[in-house]
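Colleague: Here is a sequence together with a model predicted from it:
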Amino acid sequence: MNPTEEIKVLDYGLVRLVDFMGGDDAVVQAARVSFGKGVTSDERDKKLLFFLMANRHESPFEHSVFKFHIKCPIFVARQWFRHRIASYNEISGRYTEMKEEFHLPEALRSQKARNYKFSEIEADLNDRLKEKMSRHYENSYNLYHELLEQGVAKEHARIVLPLSLYTQFYWTINARALMNFLSLRMEEHAQYEIRVYADVINDIFKEKMPWTEEAFMKFVVHGEKWTEE
């Protein structure tokens, strides 16, 4: 992936890989240092990496690091920031005038039960409610601008903006912590709006670390057991 390439997500969101260090070889290298050795052959190295993943020997995966530029709604970011083994730097509404960019879902969901099963709202009602949401966004942003024009500080004016407002941040994370993020945020019970970001990030993960992603899907996501071949 070209480090400058932006992948569009939702209506105004994006994921961009800014920088990457390491790879599958770095995992193998870190694991073999215990025996004073490095990488050997593709076949043996891949088998070792799969063994590490299957048996949850995870520290070698910390030697590969991803740096992302993320743009997402604030309500998604607040879930994202719960993953604390990472570094974050977010745009500041104290110093920057926020853009009029709000997430408007294509289809609103109804709450069915506590097990996070949903159904879509009936089409006509969906359209009416979305229109009200859109007007609310417009009104809140107009008020935000009025406050700024009247000399109110950005740090106070921003408090009238809803959680659907888009924010941006840089996210640096090692592969071990990234897999924890993916295992939780690609899972079917995760909120749809963060799942679509996790799916995009997993595609980038697969491109940069194909053996690791394959082993992650096999042994962590699908729960297969290690067998000697």
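Modeller: Nice, I can see it.

Colleague: contacts for the least confident helix or strand in the chain by mean pLDDT?
Modeller: Ranked by mean pLDDT, DSSP states H and E, the weakest helix or strand in the chain is strand 118-120, scoring a mean of 78. Strand 118-120 is contacted from outside by 107, 108, 109, 110, 111, 112, 126, using CB atoms under 8 Å, 6 or more residues apart in numbering. C-betas here are computed from N, CA, C, even on glycine.

Colleague: Now with 6 Å, please.
Modeller: Residues from elsewhere that reach strand 118-120, judged by CB atoms under 6 Å, 6 or more residues apart in numbering: 107, 109, 110, 112.

Colleague: and what of stretch 146-161?
Modeller: 93, 94, 140, 143, 144.

Colleague: So what's the residue count around the first one?
Modeller: In terms of burial, residue 93 registers 18 neighbours under the definition other CB atoms under 10 Å.

Colleague: quick revisit: inside strands: which ones of the contacts of strand 118-120?
Modeller: 109, 110 (DSSP state E).

Colleague: Let me have the contacts of strand 118-120 in TSV, adding pLDDT, neighbour count and distance to residue 100 as columns.
Modeller: Shown next, in TSV, are those (pLDDT from 0 to 100; neighbours: other CB atoms under 10 Å; distance: CB to CB, whole Å):
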residue	pLDDT	neighbour count	distance to residue 100
107	92	12	23
109	90	15	25
110	88	12	28
112	70	10	33
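
Colleague: Adding distance to residue 183 as columns, could you present the contacts of strand 118-120 in CSV?
Modeller: Conversion of the contacts of strand 118-120 to CSV gives the following (distance: CB to CB, whole Å):
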residue, distance to residue 183
107, 26
109, 23
110, 27
112, 24
